[in-house]
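Trainee: Here's my sequence, what's the structure:
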Amino acid sequence: MLQCILFFWLNIFHPFYVSVTEVAHNKSTGTLQVSIRIFFDDFEKALEKKYNTKVNILKPSDRKQVDALIASYIKEHFKLNADRKVLTLKYQGYEIEEDAAWCYFETDKVSAIKELGIKNDILFEQHNSQSNMIHAIENGIRKSTKLDNPKSEVVFVFGTL
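Mentor: Here you go, the predicted model:
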């Protein structure tokens, strides 16, 4: 019982900051599909600070502007390369689920990936304790890691180059 109370108390007074990203190679389209889950309140603060404008992700007065800010921020803080070739992210949109924004991106077609490099420093400038969970899926093989600020890069190996 004491452990439950302590855990509850620590979470109230010491919030945690985490995002979750999944990068999956879609066999039917040949693209990498990226889903990034970020707590929207932290994300709004980061966007407001970076772009010096009020941002409301839940009920945007100008959805196109919010989409542009989200796309720009994430493209700056999230980078992908497949077999050492830089991939361009194409923003697909976002949706709200409970207290988080799911942001979606897609790349051009890529062949089977042997090595997937990821740089993810989303919200690192906001929180020293930010952690970004990364899940990568290639040919049915799932690999995962956690990047704790300031560590922002990982390489997943799915085969030999």
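Trainee: dump the residue contacts of the residue most central in space within the chain.
Mentor: For the chain, the residue sitting closest to the mean C-alpha position, by C-alpha atoms, centre = their mean, is residue 36 at 3.6 Å. For residue 36, the contacting residues are 19-21, 74, 78, 102-105, 122, by C-beta atoms under 8 Å, 6 or more residues apart in numbering. C-beta coordinates here come from the backbone N, C-alpha and C atoms, glycine included.
Trainee: number of nearby residues for the residue lying closest to residue 80 once chain neighbours are set aside?
Mentor: Residue nearest to residue 80 in three dimensions, not counting chain neighbours: residue 87, with 4.4 Å by C-beta to C-beta, 6 or more residues apart in numbering. Residues near residue 87, counting by other C-beta atoms under 10 Å, number 21.
Trainee: Do I have it right that residue 87 meets residue 106?
Mentor: No. With contact defined as C-beta atoms under 8 Å, residue 87 does not reach residue 106; the gap is 9.9 Å.
Trainee: who touches residue 44 in this structure?
Mentor: Residue 44 sits next to 55-57 when contact means C-beta under 8 Å, 6+ apart.
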